[in-house]
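Enquirer: From the sequence below, what's the structure:
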Amino acid sequence: METTEIGSRSDFALWAIQRAQEIVTSEGAAFAIAARDMNDDALATTAAALGTAISEAMLEVFDGLIGD
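Expert: Numbering: from 1, shown residues only. Below you'll find the predicted structure:
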């Protein structure tokens, strides 16, 4: 994973946009396909993966704010 230095509000906004795009591309697409196919098992699995990706992104920025 690449480290990004966030020094301003605009840096944070750019990071958030880029992370959201990555999450939607990787996890959101699978979730949408499962919904389209009305596959309940895949929907549950992909929804969990989407939630995990969002949580991990939030923790990533939080960890960066409090330092290592």
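Enquirer: Can you list the buried residues in stretch 8-16?
Expert: Trp15 (16 or more other CB atoms under 10 Å). C-betas here are computed from N, CA, C, even on glycine.
Enquirer: Then stretch 16-27?
Expert: Quick answer for stretch 16-27 (16+ other CB under 10 Å): Arg19, Ile23, Glu27.
Enquirer: of these, closest to Gly7?
Expert: Arg19 (16.8 Å; CB to CB).
Enquirer: ok, now which ones touch the closest one?
Expert: Ala57, Glu60 (CB atoms under 8 Å, 6 or more residues apart in numbering).
Enquirer: Output the below-cut-off pLDDT ranges for this protein.
Expert: 1-4, 64-68 (pLDDT under 70).
Enquirer: count of neighbours near Leu50?
Expert: 19 (other CB atoms under 10 Å).
Enquirer: Would you mind finding the longest helix in the chain?
Expert: For the chain, the helix that runs over the most residues, judged by DSSP state H, is helix 40-66.
Enquirer: where does Ala34 fall, helix, sheet strand or coil?
Expert: Secondary structure, DSSP: H, G, I helix; E, B strand; the rest coil: Ala34 is helix.
Enquirer: Surely it and Ala48 touch.
Expert: No: under the criterion of CB atoms under 8 Å, Ala34 is not in contact with Ala48, lying 11.1 Å apart.
Enquirer: Report the separation between Phe62 and Thr45.
Expert: 26 Å (CB to CB, to the nearest Å).
Enquirer: If you count surrounding residues, which of the two has more?
Expert: More crowded of Phe62 and Thr45, by other CB under 10 Å: Thr45, with 14 against 9.
Enquirer: The buried residues of stretch 16-27 in helices, which ones?
Expert: Using DSSP H, those in helices are Arg19, Ile23.
Enquirer: Pretty sure Leu43 is one of the things Ala35 touches, is it not?
Expert: Yes: at 6.0 Å, Ala35 counts as touching Leu43 under the criterion of CB under 8 Å.
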